[in-house]
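# The following block contains a protein sequence and its predicted model.
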Amino acid sequence: LIRDAGRIPAQRDTLYGIVRTYSEGEVSESPLDKIENAEARFGSYRRLIASGEFRFTRG
């Protein structure tokens, strides 16, 4: 997607400094992409919004 916009993909730090850039054809893979069954481990947005546990209540 970013390459389609004519940009070079890069990993940045919290101060927006470039940590590394990705060459043509190189795929950026996050350690989070390697987690098996991520929804069971972390939950899902759908389950979060369906839960009554985190509803706002006055008072």
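Looks like it arrived, so ask away.
# what's around Lys34, how many residues?
Close neighbours of Lys34, defined as other C-beta atoms under 10 Å, add up to 8. Any C-beta I mention is one placed from the backbone N, CA and C, and that applies to glycine too.
# Local confidence estimate at Ala40?
For Ala40, the model assigns a pLDDT of 88.
# An error on my part: the question was meant for Ala50.
pLDDT, read off for Ala50, is 90.
# the helices in the protein, which residues?
Applying DSSP state H to the chain gives helices spanning 38-42, 45-50.
# need the ones you listed in JSON lines with distance to Ser30, can you?
JSON lines is the format used below for the helices of the chain (distance: least, C-beta to C-beta, whole Å):
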{"stretch": "helix 38-42", "distance to Ser30": "11"}
{"stretch": "helix 45-50", "distance to Ser30": "18"}
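# distance between stretch 3-12 and the chain's centre?
Here stretch 3-12 is found 16 Å from its chain centre; the criterion is C-alpha atoms, centre = their mean, to the nearest Å.
# Please write out the alpha-carbon positions of that stretch in CSV.
Only the C-alpha atoms of stretch 3-12 are listed here, as CSV (Å, rounded to 0.1, in the frame of the first residue of the first chain):
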residue,chain,number,x,y,z
ARG,A,3,4.7,1.6,-2.1
ASP,A,4,1.7,2.2,-4.3
ALA,A,5,1.7,5.7,-3.0
GLY,A,6,5.3,6.1,-4.2
ARG,A,7,6.8,6.0,-0.7
ILE,A,8,9.5,3.8,0.9
PRO,A,9,8.3,1.8,3.9
ALA,A,10,10.2,2.5,7.1
GLN,A,11,10.1,1.6,10.8
ARG,A,12,10.2,4.6,13.1
